[in-house]
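A.B. asks: From the sequence below, what's the structure:
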Amino acid sequence: MLWSFPGLLDVDASLAREALEYALTTQLRNTGIHSRFIDGVVLEDGFQLDEAVAPIIAAAEYVKRTSDDAFLESHRAAIVTLRDRLLDRFDPESGFYITLQDSQDEYQKRPFLTYDNVLTWRALLDLSALFDRLKDTASARELTQRAAVLRNTIMKGSLSDQAPGTAGPIFVCATDGKNPLFADVPPGSLMKLPALGFISEDDPVFIRTYEWLHSENYKYSYSNRPDGLPGSYRLPFTTSWTIADHLALTRGREQALKVLRSSAWDGGIVSEGVDPNSAVMDYAEPAH
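C.D. replies: Okay, the predicted model is just below:
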């Protein structure tokens, strides 16, 4: 819903509709659970906030692009279910939304992930637009207000100036409200925040975050490697997600293009990532 659906919607709206139908029916009952069988039954347990909001964002983009209000109305109950499940993840004490795992499928003991909450901010705005189309103005208004409150929470609680070598506050990867984690998660990278419309890539906070993740202060920055872009402890190489994120940014685009063109990938098919030293496809399963 987050990675493939946008491309599918670009090339075949009818097939995108079919995929969305599947997400809002067969897969609905366990939306947000880490991995599921093709019939929607849980394969591996563990809640991921990014997975919970993915069909919301996909549905909003589909309706916006196609004006298929009949499809939206026919799945009103599913949209209500997705909204209610999302709101159940709200932590009133902190103002954040909680996840159990991050976007690389790993347990995260700091439950307030910056990327996940920015994605939730986007989903709340998308839900507002969907309920507006459904003529439920009260719900639309409430969701817009929730999005505004969450944005303020993120800008207050997801920044820290304690990262080694930083000249000011940067976005943290995650926090428990007291202990910030300075890192990145390629499938849910902080580099996505401008593309989500949350912050300009020219904003000083984002610039500092970018510079820190691309510096020697971050263990997995690979800043001095010929084909390096930031990875993580779980994905210690230049990932395809990171390349895609940098293609959407003015800063870093040339390096992303260089890596994209340098690698043969997997016989011409993009793989999970490449070695930052050689652009050879990564083969090894990284140690946890």
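A.B. asks: since we're on Arg261, how many residues are nearby?
C.D. replies: Neighbour count for Arg261, taken as other Cβ atoms under 10 Å: 8. C-beta coordinates here come from the backbone N, C-alpha and C atoms, glycine included.
A.B. asks: How about Leu190?
C.D. replies: 25.
A.B. asks: Next: Ser278.
C.D. replies: 12.
A.B. asks: what helix or strand is it on?
C.D. replies: Here Ser278, judged by DSSP states H and E, is contained in no helix and no strand.
A.B. asks: is it true that it touches Arg225?
C.D. replies: No. Look at Ser278 against Arg225 with Cβ atoms under 8 Å: they stay out of range, at 9.1 Å.
A.B. asks: show me what contacts Leu2?
C.D. replies: By Cβ atoms under 8 Å, 6 or more residues apart in numbering, the contact set of Leu2 is Asp50, Ala54, Ile57, Ala58.
A.B. asks: Quick check: which element contains the last one?
C.D. replies: Following DSSP H and E, one finds Ala58 within helix 49-66.
A.B. asks: next one: Arg225
C.D. replies: Here Arg225, judged by DSSP H and E, is contained in no helix and no strand.
A.B. asks: Distance of it relative to Leu143?
C.D. replies: From Arg225 across to Leu143, the span is 43 Å (Cβ to Cβ, to the nearest Å).
A.B. asks: can you check Leu100 too?
C.D. replies: Using Cβ to Cβ, Leu100 is found at 24 Å from Leu143.
A.B. asks: between the two, which one's more packed in?
C.D. replies: The residue with more neighbours, out of Leu100 and Leu143, is Leu143; 24 against 17, by other Cβ under 10 Å.
A.B. asks: Tell me if I am right that that one is in a helix.
C.D. replies: Yes. Counting by DSSP: H, G, I helix; E, B strand; the rest coil, Leu143 is found in a helix.
A.B. asks: so which helix or strand takes in the closest residue to it other than its chain neighbours?
C.D. replies: Spatially, and ignoring its direct neighbours in sequence, Leu143 is nearest to Ser128 (3.9 Å; Cβ to Cβ, 6 or more residues apart in numbering). Ser128 is part of helix 114-133 when elements are defined by DSSP H and E.
A.B. asks: tell me which residues of that helix are tucked away?
C.D. replies: By neighbour count with 16 or more other Cβ atoms under 10 Å, helix 114-133 contains the buried residues 114-131, 133.
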